[in-house]
Structure formats: C-alpha cells, structure tokens
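Engineer: quick one: sequence plus predicted model below, questions after.
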There are 2 protein chains.
Amino acid sequence: MDGNQATPSFRHFLAFLLVGGLLLVSNACQQNDSQSSEAGYEEEATEQKDYAIAIHGGAGTISRDLPDSTKEAHRQALDRALSIGQKVLAEGGSALDAVEQTIRQLENDPRFNAGKGAVYTSEGEHELDAAIMDGTTLEAGAITGIKTVKHPITLARHVMNNSRHILFAGDGAEAYADQTEVERVKNSYFDTQHRFEDWKESQKDDKQSGVSPENKKTDPFAEKQSKATHQYIKDEVFGTVGCVALDKNGKLAAGTSTGGLTGKEYGRVGDVPIVGAGTYANQHVAVSATGIGEDIMRHVTGFHVGAYKEYKGTTLKQAARHVINNRLNPGEAGLISVDRHGHIAMPYNTEGMFRGAADSEGTHFVKIWE
Amino acid sequence: MDGNQATPSFRHFLAFLLVGGLLLVSNACQQNDSQSSEAGYEEEATEQKDYAIAIHGGAGTISRDLPDSTKEAHRQALDRALSIGQKVLAEGGSALDAVEQTIRQLENDPRFNAGKGAVYTSEGEHELDAAIMDGTTLEAGAITGIKTVKHPITLARHVMNNSRHILFAGDGAEAYADQTEVERVKNSYFDTQHRFEDWKESQKDDKQSGVSPENKKTDPFAEKQSKATHQYIKDEVFGTVGCVALDKNGKLAAGTSTGGLTGKEYGRVGDVPIVGAGTYANQHVAVSATGIGEDIMRHVTGFHVGAYKEYKGTTLKQAARHVINNRLNPGEAGLISVDRHGHIAMPYNTEGMFRGAADSEGTHFVKIWE
C-alpha cells in the first residue's frame, strides 16, 4: 500500500470525523437556541391563519366554588364579546376595529373591571385607563385617570388616530376628550353594588391594619405596609379586559381597558395605558396583560414577550410562558397574545383567568381555569 | 485498486467535505449571532470596573456654530453634575444616590430642560416629569405633570421608596407630594426667558401653519398636522437630563427628569416617567433616553437595550446602537447606558448630545458632538 492509498479503516475514520464533526457543530449551534427546541412544549403549526383573536376579562384568585350560574354568566359574557370581534375579522375588518368593538362590549358589561364595572379608587370615585396599539405602524393611543368617558378604549383610539401624543393623564385626558365626540357620562354611571362592597371592604382592611384612609393619605409608610401585603386585593380578581387580534391583511393590534385597582390612590397610573407594559403590538406580536399593574410595568411585560420571541427565536408560547412563569411572580399576572401567523398564547400564573380565543380554522372557546 | 482503497483524489475530496462542512455549519451558526461578531465594533474590556457613571443633558439639533462661551458653559455645567455623581460613587455611595444627586444638580441649572429650565406647555405653564429605577430590585418611582416640586427626581425616589404604586399623574402627583417633605415652589419658579421665547416661537409656528392655539384645542386634525411636521420643535434640543450609574456594590440605577416638549398639550405623558421607555434599570443594564418621547415610547427604548443585550448575547454598545440606529429614526433620540461590568454606551442619532461619563479606571469626559 503506498502513500496515495487509504486503508478502509482510515476512510471510515475520515467519514466518522466528517459526520461526527457536523453533528457536533450543528448540536452546539442548536443549543444557542435551546428554548425553541425545549421538550414538552407544544409545537406550533406553521400554516398561516387568516385571522385570530383572543380576549381576557381579568386574572386572579377565581374560586372554583363560584356558583354555576355565575360561571355560566361570565362565560356567556366573554363569548358575546369574542363573537363580536370574530365577526369583524371574519368579514375582513381590521384588527384595530375588532379590538375596539370587542373591548366596547366588555366595557358595557358590569362583570368586568372596565367601563361600567370599574372599581372604586381610595376616594370612592372611578378613574379609568385604556390603551390601543397598531402593530403595523407602532402608533398608539392611551388615556389614564379618565372619569367621564363611557368607552375609554374609543377615546384611546381617538388619541392614536389624531394626536401627536400617545398618552394623556387626568384632567388633560378630560380636556382631550372635550375636543372629541366620544360619549360622556357622569362618574356615577360607573357605580355598581358589587364594586362598592369591594371598596368598603378595602377601607375596612385598612382600618384593621391600623391604617385609616385618613392616615394612609398622610403617612407614606402606611402605603409601604400595604405594598407588602396587598391585603386589600386578596381574593380579588385583577380585573381588566383586553383583546389582541390578527386580521386578514396580516395586521396585528392590541387593546386593554380597566378601572384599575380597588382602593388605588388618586392619580395612580397602572400598566394598562403604558405602551410596552399592559399593552403592546408590533409586526410580530400583539399582547394584552392583566394582573398586578406595578409588577407588569417593572417587567415591561407586553414588549418583553415580543422581544424574547424575536431575539431568542422562540415560539410565541415559549416567549409568553417565559415572561409569565420566569419573570413575574406566581399569582401576579396573565396575558393574551397572538403572533403574525395567528398562533395564540394565553398563559397566567394566577388561579384562573377569564379568557377566550377564536380563529379562522374553527377555534372558538372561552375558559376560566385550565 | 480494489474497493477497499481510496484514490488520493477521493481522500482529498473527503477531507475537503469535512473541512468545508465544518466551516459551513460553524459559519451558519455564527450568523445567528452575527450582531455580536460584527466587524468594526469596539471590543469591550472584560475587567470589572469598581464604578461607572454617565449623564446626558438632552440630544437634538445642536449647531456647531454655538458661540464658544456657550459651549464652554454647557461643558462646565455637565462636568459639575458628573463630578457630583462620581464623588458619590468613588466614596462608596449607592448608584441611586449618585443618580439622584447628579440629576438634582442638572435640575438646578436653567440650561437644561428639567427642573429650573423646564419648557412651557401649550398653556404657558410648566409640567415636569421624572423617574428613577433601582436595577437590583426593579423598584421604580415616577411622576408626571407635577407643577410645584423643585426637584422632581427626589419626589420620584420618594414614590419608589414609599408607595405601592410606581407612577402618579397630575393632581394625583401633587397630592402625593403633599404627603412628603419635598421642596415646593410656585410654578413661576420654572420661568426662564429663553424657554419663554421658544414657547412664543412655537405659538407663532402654529399660527403660520394656519393652526391657532385655539383651533389646535378644538380641531384634532390640527394636531395630526403638527405630528407630521414637528415644526415647533425644529432646531430645538430635545432637552431632558438623565443619569445611569454602577456602584461599588455592583448595583445599577437609572434616572431621568424633564420639562417635556415645548408646547406639549395639557396632560401629555412623555417617555421619561414610563418604566421601560425613557428610564429603565435591571441587574444587567441601566438606561436613560432623550429625544422625541413618543418614538422612544413606541420602541420601548430603555428596556429594549437590555432585552437585546441579554437575549441576543451582544455587548452593551451593540445593543444600544441597534436600538438607536436600527429602530429609532434618524434625528429622533439618544441614550446613555451602563452595564454591570461598568461598560458605558452613549449612542445618538441626532446632530449632537450633551453628555459625559466617568469611571473608576480614570475615564472622565464631557462632550457635545462626536
């Protein structure tokens, strides 16, 4: 055998090196993207859906002991709203229209903490927040602390369409509303018996902990104490309503509306009207979150889902679960999300979340627990 | 030659396949992470700095024809503030203290659009915004539309330390301030001749474009027009002040303070008090942005830098430049950032940015242009 001839074993060794080397490098390469091949996650279908929509009506400690009639009433309320948005999309309407119309329906329903069912502030009033965002243009509109607008989501859309600003607060939001034709109501329009009882309960909690509402106003350390315990919102649904949608033109939109936190202080701005926190949409994803607003804000929850998906190269489900399960604390939050292919992810780390989803492939459901 | 023997050319072919295949896969692998190996980027030193600090005093169209005396006065003003923060850090103080003390100094200086030098709203008043964030705990405090607090950054820190909420707006922010000992002033304290002239100019611009301030209030389309042109802020520095710091305990903090946009409408909330937009800090990075607030908000600029760095595995410089150069439009914004190793990145896509940086390794400079 001369130097120009290889033995069979040397040939096999070369081939072994070739295949082994390719596998090794290829494997190392995949590990950089291990999130997207994580075992146990559902594979997402690759086909493009014509349209998709998801809604939520708040996440939190929702006892499974709810009377059946109450469960059923909530399911029907969610289904009514979901069907409105689905119809808009099925008929070729825009994601923005679907989001606005769906949320208007939820704002009309006293069961949800948005519009008619808004909770009471520490002063016994109602201050409402809402935001809407167009994923295609990144245009957004939002308002916080509005007291006299029946449908905050519609005012938010007005801001998006017509103002050079994104967010108006308090009296500035009222002044902005004065320039529009949106329907106005007295603040008492938002009064409901069940929210009033929540509010009375929250005032009582403050007294039991030695912090009267009067002291709470003058003693900032009283608030610090509340911060640690979240006593006054225990057993409370962190009600908020939201909708995300993909339309037949491939456009994404997200919207959220809320009455905020029972007993929240005057002028508090939560996560809902914050672009990137409670509400976010771009060309990849649309997200609406619900839960403890301050924690949703500090984790920049809405934008976080999209950034993780885009920059880590994961599926929507993996990204949404990462933020809800690895970033936010248990019991804090849930979110709904849709990507540009029509995949939907709706993780939550609370006991339950009022939610629903529908798409062009026949999906249509509402749920409260798993 | 039997079937068990390879010709030299076959052996070469196998070796070629092996090497080529390895190169190919290895290359494909690198392309997934191409941002982090992009040619031309400075390599970041790997050693850990004891402390690092960066400040900004606004980005925008800053003409190089500025009189030398004005340039020098700005440089001295930046240097005074930078030195205050650096001293805090060098003496072992916290990043939060460095950020607050530095920004208080900038708020005292009428050259910058924050505190004393705040611009006028469309109503001819001053509404100030500020935020501060602790990267270690993700606690944050912010206020928007405050009119009577001399040092908004100090009130923001008070919110962070003592409230269960993150952000207070308008009268709610005033009510919150009433519970504290922070120094109060009349709104006229913020009056300055040069900002008043900017404001008069902005009112004139509105008239020239056929949109009187009165019409602007009643005709939302007038605002749409303003949105497209940004006429009233041309040749204006998008003044805001900010500071980011890493302390000797390895903790990061970020803070920003502003008088907002000249001629901004009543109740407008910009990017500064939005956690994730104008201000953000976590355990990896601290960021403060300046520029057109609405665009900084829609790109969730502060958080975006950290998410890109963490999830793409890039350097701080690459992440900061990606957001400023690939996401925001030219002429819109700048930012300062520091990571947990003490690396500093201060990219901007405007003509200039008032800025400065210092660290434990002897770095100490202030700059306006490249």
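Structural biologist: Cool, the structure landed.

Engineer: quick check, pLDDT for A:Glu123.
Structural biologist: pLDDT, A:Glu123: 82.

Engineer: please disregard the earlier target; I meant A:Thr240.
Structural biologist: Looking at A:Thr240, its pLDDT stands at 89.

Engineer: which ones are touching it?
Structural biologist: Contacts for A:Thr240 (C-beta atoms under 8 Å, 6 or more residues apart in numbering or on different chains) come out as A:56-58, A:112-114, A:256-258, A:272, A:278, A:290-291. Placement of C-beta: from N, CA and C, glycine included.

Engineer: what do you get for A:Ala173?
Structural biologist: A:Ile143, A:Thr144, A:Gly145, A:Ile146, A:Leu155, B:Gly267.

Engineer: out of these, name the ones that lie in helices.
Structural biologist: Here DSSP state H is the test, and these give A:Leu155 as lying in helices.

Engineer: can you give me the strands in chain A?
Structural biologist: A:52-60, A:128-134, A:140-146, A:167-169, A:237-238, A:241-246, A:252-258, A:268-269, A:279-281, A:285-291, A:333-339, A:344-345, A:352-359, A:364-367 (DSSP state E).

Engineer: give me the number of residues near A:Tyr266?
Structural biologist: Residues near A:Tyr266, counting by other C-beta atoms under 10 Å in any protein chain shown, number 21.

Engineer: coming back round to it: would you turn the strands of chain A into JSON lines with distance to chain B?
Structural biologist: JSON lines is the format used below for the strands of chain A (distance: least, C-beta to the nearest C-beta, whole Å):
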{"stretch": "strand A:52-60", "distance to chain B": "17"}
{"stretch": "strand A:128-134", "distance to chain B": "8"}
{"stretch": "strand A:140-146", "distance to chain B": "6"}
{"stretch": "strand A:167-169", "distance to chain B": "4"}
{"stretch": "strand A:237-238", "distance to chain B": "14"}
{"stretch": "strand A:241-246", "distance to chain B": "17"}
{"stretch": "strand A:252-258", "distance to chain B": "13"}
{"stretch": "strand A:268-269", "distance to chain B": "4"}
{"stretch": "strand A:279-281", "distance to chain B": "7"}
{"stretch": "strand A:285-291", "distance to chain B": "12"}
{"stretch": "strand A:333-339", "distance to chain B": "14"}
{"stretch": "strand A:344-345", "distance to chain B": "17"}
{"stretch": "strand A:352-359", "distance to chain B": "23"}
{"stretch": "strand A:364-367", "distance to chain B": "30"}
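
Engineer: now A:Val275: how far from A:Ile344?
Structural biologist: 22 Å (C-beta to C-beta, to the nearest Å).

Engineer: of the two, who's got more company?
Structural biologist: The neighbour count for A:Val275 versus A:Ile344, taken as other C-beta under 10 Å, is higher for A:Val275 (29 against 23).

Engineer: enumerate every residue touching A:Ile62.
Structural biologist: A:Val237, A:Thr350, A:Glu351, A:Gly352, A:Met353, A:Phe354, A:Ile368, A:Trp369.

Engineer: coming back round to it: out of the strands of chain A, which is closest to A:Asn161?
Structural biologist: The closest of the strands of chain A to A:Asn161 is strand A:140-146. By C-beta to C-beta, the value is 7.0 Å.

Engineer: the residue of the stretch 101-250 of chain A at minimum distance from chain B: how many residues sit nearby?
Structural biologist: Distances between the stretch 101-250 of chain A and chain B by C-beta to the nearest C-beta are smallest at A:Gly172, namely 0.9 Å. Neighbours of A:Gly172 under the rule other C-beta under 10 Å: 28.

Engineer: before we move on, what about A:Glu174?
Structural biologist: That count, for A:Glu174 with other C-beta under 10 Å as the rule, works out to 20.

Engineer: try A:Ala175
Structural biologist: Neighbour count of A:Ala175, defined by other C-beta under 10 Å: 15.

Engineer: pLDDT value on it, please?
Structural biologist: Note on A:Ala175: pLDDT of 95.
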